[in-house]
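Participant: next come a sequence and a model predicted from it.
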Amino acid sequence: MPGHVTESVGGDGGSTDEAQPRAQVRRLRPTASRSSGRERHDEKITVYVSSEELFAIEQARLVLRAEHGIAADRGRLVREAMAEMLLDLEAHGENSAVVRRLRPS
């Protein structure tokens, strides 16, 4: 996948007497390379957002273009936000933004 590096994590790679299935988590890591962002994606999910959230994403897209010279579609913005969230979760765990936001008050 150009512009991203994936890494499988989960097991220690050692062998044991019992064959136990291990969960494999693939973490998306943005790289420093600058690509057009146009790439083929083999998987698809549907995400429902409110009209306010969609408007905010569109506003962010326009700000990126007008003030920073970055042309990105809404899908790329969502993928980049997801990559940042995954990195934050990996780095900060319990103190990550997503844990704080999703934890019941």
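Facilitator: It's in.

Participant: please make it C-alpha for all contacts and neighbour counts, starting now.
Facilitator: Fine.

Participant: give me the mean pLDDT for the helix or strand harbouring residue 54.
Facilitator: In this assignment (DSSP states H and E), residue 54 forms part of helix 51-68. For helix 51-68, the per-residue pLDDT values average out at 97.

Participant: in that helix, what counts as buried?
Facilitator: When burial is assessed from 16 or more other CA atoms under 10 Å, helix 51-68 yields the following buried residues: 57, 61, 62.

Participant: what's the closest of these to residue 83?
Facilitator: Distances from the buried residues of helix 51-68 to residue 83 were compared by CA to CA; the smallest belongs to residue 57, at 15.9 Å.

Participant: that closest one: what's its closest spatial neighbour, skipping adjacent residues?
Facilitator: Of all residues beyond its chain neighbours, the one nearest residue 57 is residue 74 (6.7 Å), with distances taken as CA to CA, 6 or more residues apart in numbering.

Participant: and for residue 94?
Facilitator: According to CA to CA, 6+ apart, the nearest residue to residue 94 is residue 100 (7.7 Å).

Participant: you'd agree that neighbour is in a strand?
Facilitator: No. Secondary structure assignment (DSSP: H, G, I helix; E, B strand; the rest coil) places residue 100 in helix, not in a strand.

Participant: how deep is it tucked in, by neighbour count?
Facilitator: Using other CA atoms under 10 Å, residue 100 has 12 other residues around it.

Participant: picking up where we left off before, tell me who's in contact with the residue nearest to residue 57.
Facilitator: Contacts were defined as CA atoms under 8 Å, 6 or more residues apart in numbering; by that measure residue 74 touches 57, 58, 61.
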